[in-house]
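Student: Structure of the sequence below:
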Amino acid sequence: MREMVLSKAMIGHEGLIRKLGLVLGGSLAIAMAAQVSIGWPVPMSLQTLAILVVGLSFGSRLGLATLVTYLGWGAMGLPVFANGGSIASLTGPTAGFLYGYVAMAWLAGLAVEKGLARSLVSTVACGILLSGLLYLPGLAWPALMMGKTMPELWSVWMAPFLIGDTLKAVIAAMIVWGGWRALQLRRD
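Tutor: Below is the predicted model of the structure:
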């Protein structure tokens with residue numbers, strides 16, 4: 001059972017309608033999580049929690065499709081990003097994080113598919129690692145586009161978020177493993 005992703009184990013991925021439902025539902029969940037945010041220019045939101053849950057639950061391809069759909073909604077002008085942001089966010093100060101979310105979901109799904117996230121502990125470790133990797137595009141964007149210095153990036157764009165990102169990675173892993181446990185109990 002652990003070799004496949006949670007969403008496939010629960011409802012299957014057979015058929016275009018089911019896949020479309022997962023992608024649309026997942027991107028809507030991420031959009032709603034993004035609205036639970038505080039702060040500016042880099043808001044602290046529940047986006048990364050939702051993205052990790054999507055990636056760890058959907059697998060790499062559906063996770064990727066979900067995030068591309070999510071960014072597409074923002075590109076169409078829908079207020080799906082943190083603080084009701086839309087198209088301007090795709091070139092604004094946090095654009096690097098938005099683009100990094102696509103890789104985060106894909107890599108989370110790939111970790112599950114490759115067996116790197118087999119236990120709760122390894123799933124938490126994957127989530128923390130991916131949350132850390134998100135800072136690469138997230139910080140590169142303001143450094144390159146806005147000339148931000150490393151002390152500015154550390155104090156405003158990274159340090160305030162490390163504990164929250166770690167906690168969100170733990171919660172995401174617990175949600176996914178809770179889903180596996182519920183599925184196991186339902187089958188027993």
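
Student: And the strands in the protein?
Tutor: Using DSSP state E, the strands of the chain run over 37-38, 44-45.

Student: Excluding its own residues, what touches the last one? List them.
Tutor: Spelled out, that is strand 44-45. Ala33, Ala34, Gln35, Val36, Ser37, Ile38, Ala82, Pro160, Phe161, Gly164 (C-beta atoms under 8 Å, 6 or more residues apart in numbering). C-beta: built from backbone N, CA, C; applies to glycine.

Student: Kindly tell me how buried the second one is, as a neighbour count.
Tutor: Think Ala34. Per other C-beta atoms under 10 Å, the neighbour tally for Ala34 reads 27.

Student: how near is it to Leu71?
Tutor: Going from Ala34 to Leu71 by C-beta to C-beta, to the nearest Å gives 12 Å.

Student: picking that back up, can you redo the strands of the chain as TSV with mean neighbour count and mean pLDDT?
Tutor: Formatted as TSV, these follow (neighbours: other C-beta atoms under 10 Å; pLDDT from 0 to 100):
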stretch	mean neighbour count	mean pLDDT
strand 37-38	14	82
strand 44-45	20	88
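
Student: Not counting its neighbours along the chain, what's nearest Met146?
Tutor: Nearest residue to Met146 in three dimensions, chain neighbours excluded: Pro93, at 6.5 Å (C-beta to C-beta, 6 or more residues apart in numbering).

Student: residues in contact with the one you found?
Tutor: By C-beta under 8 Å, 6+ apart, the neighbours of Pro93 are Pro41, Val42, Trp141, Pro142, Met146.

Student: for the second one, what are its contacts?
Tutor: Under the criterion of C-beta under 8 Å, 6+ apart, the neighbours of Val42 are Pro93, Thr94, Phe97, Val156, Trp157, Phe161.

Student: same check, this time on the third one
Tutor: Taking C-beta under 8 Å, 6+ apart, we find Trp141 in contact with Pro93, Thr94, Ala95, Gly96, Phe97, Tyr99.

Student: right, and out of those residues, which lies closest to Leu136?
Tutor: Within the contacts of Trp141, proximity to Leu136 (C-beta to C-beta) peaks at Gly96, which comes in at 8.3 Å.

Student: count of neighbours near that closest one?
Tutor: When neighbours are counted by other C-beta under 10 Å, Gly96 registers 22.
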